[in-house]
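Participant: mind folding the following:
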Amino acid sequence: MKKIIVIALLIISVIISVNFYKQYKFKKFLKNINDDKFNITEYYIYGTHLNIKGQINENYTDSKIKLVLKSIDEEIEYNLKINNSTFTLSSKINDGINLEKLNNNKYYLLIKIGKEYYKLNNLTKHKKDTYYSFIKNNKCNKLEIEFDNYFTISSKKHNSNNIYDIVIDAGHGGTDSGATYNNYYEADLTYKYAKALKKKLTNLGYKVKLTRDKNEGIKTYGKHSRTAIPNEVHAKYLFSIHFNSSEDYITQSGVEIYTLDNTNLSLAHKLITNIVNNVNINYSTNTAYLVKKGIYIKNFRQSDISYMNEQAYANNYNPYNITTSTPYLYMIRETGGRITNAFVDGRNSKYEANPYYNSNVGVESYLLELGYINNQRDLQVILKEKNKYIDAISLAIDKHIKNNS
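Facilitator: Okay, here's the model as predicted:
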């Protein structure tokens, strides 16, 4: 027995010595890092990814330039897109460093050229942001991204109370019935679909929150509103459920997925493909804002901007800074913070301010138009094939998350 105790103590002492030596070497490494070569001009978290843009202070064009996450135990390399004196991690806002793939550790974000390492200086207004990973066994990882001499990402286990993976928004509600046809109301149908989708995703292991738990209205902006809830609960994804309507009800039909123009469309593609392949419904016949089969990007048009400006002057507030690159759909725009050009800041007294309009952490959001309620064929599919819709949507979401975790 004594021999076993002695061996155990020796093993423990070796582990302690090895860890002490690793820490000593890493501290020495940090002291030898070069300074004043690279600057970060923008960084943000959208969905599950951290993206970074910056400047190169010297004319480095070497293809060996890498962005690295360096910890005591590991080094992860990322390729950069370099254009003259600027660099970016990705041109897509939902790409970059996948925060779901980081271990519980403290990482230092550095530039690596050959065998030399360089600090990244922070020229942004942001000094600290927090990301909560997908929940497993009632725990998640809390990643704190901050600047204190170095750009660091510290990941630790965290209690998952009041934190959710996904938010499902049942469009409309209360006195806002949405699209109507005969005795069918969009708000009723979206609520039924949202509840069913929550149940399915919960069974798949996700923690899911609905923006409205009853078939009633909910305010659009302000605390605990439709647009604020996804950020309040630190969700990674939002899916807003809707059903379409058109005056041209004979020819207009099919399903549409709305997203942003500067995103990787892989999840949107999985959603639309799964729905069309498993539900008795086709890609939408609508060609306005179409970018790919069934995938749509709707930004403000110049006529929309002129109208918004006229409304601002008529109601005595300064016009919003809206361009033709600003997303039109508020559930996509306002849930992404500054990353998606959210602008409802309270200047228009008609609406409460979006508390997260200037947030540096955004929820990756999609709006799903699951068919035309006033098209007789679509309506029958909507009424009879809810379970097929739910299976198709949930499996697309699950596959995408698992492939990126």
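
Participant: drop to CA atoms for contacts and neighbour counts, all remaining ones
Facilitator: Fine.

Participant: strands along the stretch 101-250 of the chain, start to end?
Facilitator: 106-113, 116-122, 128-132, 139-148, 150-159, 166-170, 180-181, 184-185, 208-210, 237-244 (DSSP state E, counting those that start in this stretch).

Participant: show residues contacting the first one.
Facilitator: Residues outside strand 106-113 that contact it (Cα atoms under 8 Å, 6 or more residues apart in numbering): 38, 62, 64-71, 117-120, 150-155.

Participant: what about 10 Å?
Facilitator: 30, 33-34, 37-38, 60, 62-78, 80, 117-121, 143-145, 147, 150-156 (Cα atoms under 10 Å, 6 or more residues apart in numbering).

Participant: likewise for the third one?
Facilitator: Where contact means Cα under 10 Å, 6+ apart, the residues beyond strand 128-132 that reach it are 44-50, 99-100, 139-148, 151-158, 160, 163-165, 233-236, 359-362.

Participant: please repeat the previous calculation with a cut-off of 8 Å.
Facilitator: 45, 140-147, 163, 234, 360-361.

Participant: among those residues, show me the least confident.
Facilitator: Ranked by pLDDT, the contacts of strand 128-132 bottom out at residue 147, which has 92.

Participant: mind listing the residues bridging to that one?
Facilitator: Counting by DSSP bridges, residue 147 is bridged to residue 151.

Participant: residues touching it, list them.
Facilitator: Residue 147 sits next to 122, 127-128 when contact means Cα under 8 Å, 6+ apart.

Participant: re the thing from before, among the contacts of strand 128-132, which pair sits farthest apart?
Facilitator: Spatially, the most separated pair among the contacts of strand 128-132 is 147 and 163, at 24.5 Å (Cα to Cα).

Participant: mind listing the helices in this structure by residue range?
Facilitator: For the chain, the helices defined by DSSP state H occupy 2-31, 186-203, 229-232, 266-278, 302-314, 330-333, 376-384, 386-403.

Participant: put together a markdown table for these, with mean pLDDT and distance to residue 90 on each row.
Facilitator: Shown next, in a markdown table, are the helices of the chain (pLDDT from 0 to 100; distance: least, Cα to Cα, whole Å):
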| stretch | mean pLDDT | distance to residue 90 |
| --- | --- | --- |
| helix 2-31 | 67 | 27 |
| helix 186-203 | 98 | 30 |
| helix 229-232 | 98 | 23 |
| helix 266-278 | 98 | 15 |
| helix 302-314 | 97 | 28 |
| helix 330-333 | 98 | 20 |
| helix 376-384 | 97 | 38 |
| helix 386-403 | 98 | 19 |
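
Participant: need those helices in JSON lines with distance to residue 55, can you?
Facilitator: What follows is these, written out as JSON lines (distance: least, Cα to Cα, whole Å):
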{"stretch": "helix 2-31", "distance to residue 55": "22"}
{"stretch": "helix 186-203", "distance to residue 55": "42"}
{"stretch": "helix 229-232", "distance to residue 55": "30"}
{"stretch": "helix 266-278", "distance to residue 55": "29"}
{"stretch": "helix 302-314", "distance to residue 55": "33"}
{"stretch": "helix 330-333", "distance to residue 55": "28"}
{"stretch": "helix 376-384", "distance to residue 55": "51"}
{"stretch": "helix 386-403", "distance to residue 55": "32"}
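
Participant: wait, which of the ones you listed is closest to residue 348?
Facilitator: Within the helices of the chain, the stretch nearest residue 348 is helix 302-314; the backing value is 7.6 Å (Cα to Cα).

Participant: got the buried residues for that closest one?
Facilitator: Neighbour-count burial for helix 302-314 flags 305, 308-309, 312 (criterion: 16 or more other Cα atoms under 10 Å).

Participant: same check on stretch 321-329?
Facilitator: Residues 322, 326-329 are the ones in stretch 321-329 that count as buried (16+ other Cα under 10 Å).

Participant: shaky segments in the stretch 101-250 of the chain?
Facilitator: 249 (pLDDT under 70).

Participant: could you rerun that using 80?
Facilitator: Scanning the stretch 101-250 of the chain for pLDDT under 80 picks out 248-250.

Participant: circling back to that earlier point, tell me the one of the buried residues of helix 302-314 nearest residue 395?
Facilitator: The closest of the buried residues of helix 302-314, once distances to residue 395 are taken by Cα to Cα, is residue 305, at 38.0 Å.

Participant: and that closest one, what does it touch?
Facilitator: Residues in contact with residue 305 (Cα under 8 Å, 6+ apart) are 322-324.

Participant: of these, closest to residue 270?
Facilitator: Residue 270 lies nearest to residue 324 out of the contacts of residue 305, by Cα to Cα, at 27.1 Å.

Participant: tell me the pLDDT at the closest one?
Facilitator: Listed pLDDT for residue 324 reads 97.

Participant: and it, how far from residue 335?
Facilitator: Taking Cα to Cα, to the nearest Å as the measure, residue 324 falls 19 Å from residue 335.

Participant: can you list the buried residues of stretch 321-329 in TSV and add distance to residue 381?
Facilitator: TSV is the format used below for these (distance: Cα to Cα, whole Å):
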residue	distance to residue 381
322	38
326	33
327	30
328	28
329	26
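
Participant: residue 271: neighbour count?
Facilitator: If you count neighbours by other Cα atoms under 10 Å, residue 271 ends up with 24.

Participant: so what's the residue count around the residue nearest to residue 242 when sequence neighbours are not counted?
Facilitator: Of all residues not flanking residue 242 in the chain, residue 369 sits nearest, at 4.7 Å (Cα to Cα, 6 or more residues apart in numbering). Residues near residue 369, counting by other Cα under 10 Å, number 22.
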